[in-house]
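> need coordinates for the below:
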Amino acid sequence: MNDKIIYLNGFMAAGKSTIGPILANTLGWDFYDLDKLIEEQMGKKITQIFEEHGEKFFRRKETEVLTEISKMSNVVIALGGGTSIYNDNLGLIRRTGKVIYLKASAESLYRRLKNDKKRPIFNDTKGGDLKAKILQMLEQRGPYYEKANLVINTDKTSLGITVDKIVKLIYRKKK
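Numbers count the residues shown, from 1 in each chain. Okay, the predicted model is just below:
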C-alpha cells in the first residue's frame, strides 16, 4: 500500500470534494476530484455524460482515469460516490493508497442532496422517493465503503476538526 495517496470515499455529499482540498493543503499535497478529472477529459458535465453515453460508459471512463491517477504520489483523491463498487476499483484503490470513508447518515445526506440537481442518479426522484433511494444506495454501497482504512463520521463535525482527525490518524498509523 502506498502511503502517498489518500482516497476519500463515501456517498455523494458526504464531504469528499470539500474536505479533500483542505486535507491536501494541510499535508502539502495535490488534490484531485475524480469526477472533475472525467469532466475535464470529456469536456462535459457528469450529467451530460450519463445522458449521452449511459452509466456503463461513465463507469469505464471512471476506471480509466482512476487507473491513471493511482500512479501518482502525494495526492488526495476524492472518489465518486459509486467508484468503489464498479470494475474492481476498490481493489485498485486499496492496493495503491489509504482509503478514508467519510460517513454520513441518510438524514444528513438527504438534507444535503434534496435541492441538488447536479446528481444524475437522482434525476428521477423527489421528496420521499429521494430518501428511499439514498437508503437503498447506502445499503448497496455501505459494505464497499466500510472496507476503508479509516472511517470518519462527517454528520456533526466541522470541516476543520474532520481534517485534523484525519491528519492525526494518518500520522498515528505511520508510526
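
> so where do the strands sit in this protein?
Using DSSP state E, the strands of the chain run over 5-9, 30-33, 75-78, 98-103, 150-153.

> buried residues, the longest helix seen in the chain. List them.
The single longest helix within the chain, with elements called by DSSP state H, is helix 46-69. Buried residues in helix 46-69, counted by 16 or more other C-beta atoms under 10 Å: 46, 49-50, 58-59, 61-63, 65-66, 69. Yep, even glycine has a C-beta here, placed from its N, CA and C like the rest.

> what's the closest of the residues you listed to Leu79?
Taking C-beta to C-beta as the measure, Leu79 lies nearest Leu66 of the buried residues of helix 46-69, at 7.7 Å.

> so who does the nearest residue to Tyr32 once chain neighbours are set aside touch?
Leaving aside its sequence neighbours, Tyr32 sits nearest to Ile77 (C-beta to C-beta, 6 or more residues apart in numbering; 5.0 Å). With contacts defined as C-beta atoms under 8 Å, 6 or more residues apart in numbering, the neighbours of Ile77 are 5-8, 20, 31-34, 69, 97.

> make JSON lines out of those and add pLDDT and distance to Met137.
Formatted as JSON lines, the contacts of Ile77 follow (pLDDT from 0 to 100; distance: C-beta to C-beta, whole Å):
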{"residue": "Ile5", "pLDDT": "95", "distance to Met137": "26"}
{"residue": "Ile6", "pLDDT": "95", "distance to Met137": "24"}
{"residue": "Tyr7", "pLDDT": "97", "distance to Met137": "19"}
{"residue": "Leu8", "pLDDT": "97", "distance to Met137": "18"}
{"residue": "Gly20", "pLDDT": "96", "distance to Met137": "21"}
{"residue": "Phe31", "pLDDT": "98", "distance to Met137": "25"}
{"residue": "Tyr32", "pLDDT": "98", "distance to Met137": "24"}
{"residue": "Asp33", "pLDDT": "97", "distance to Met137": "20"}
{"residue": "Leu34", "pLDDT": "97", "distance to Met137": "18"}
{"residue": "Ile69", "pLDDT": "97", "distance to Met137": "24"}
{"residue": "Gly97", "pLDDT": "94", "distance to Met137": "24"}
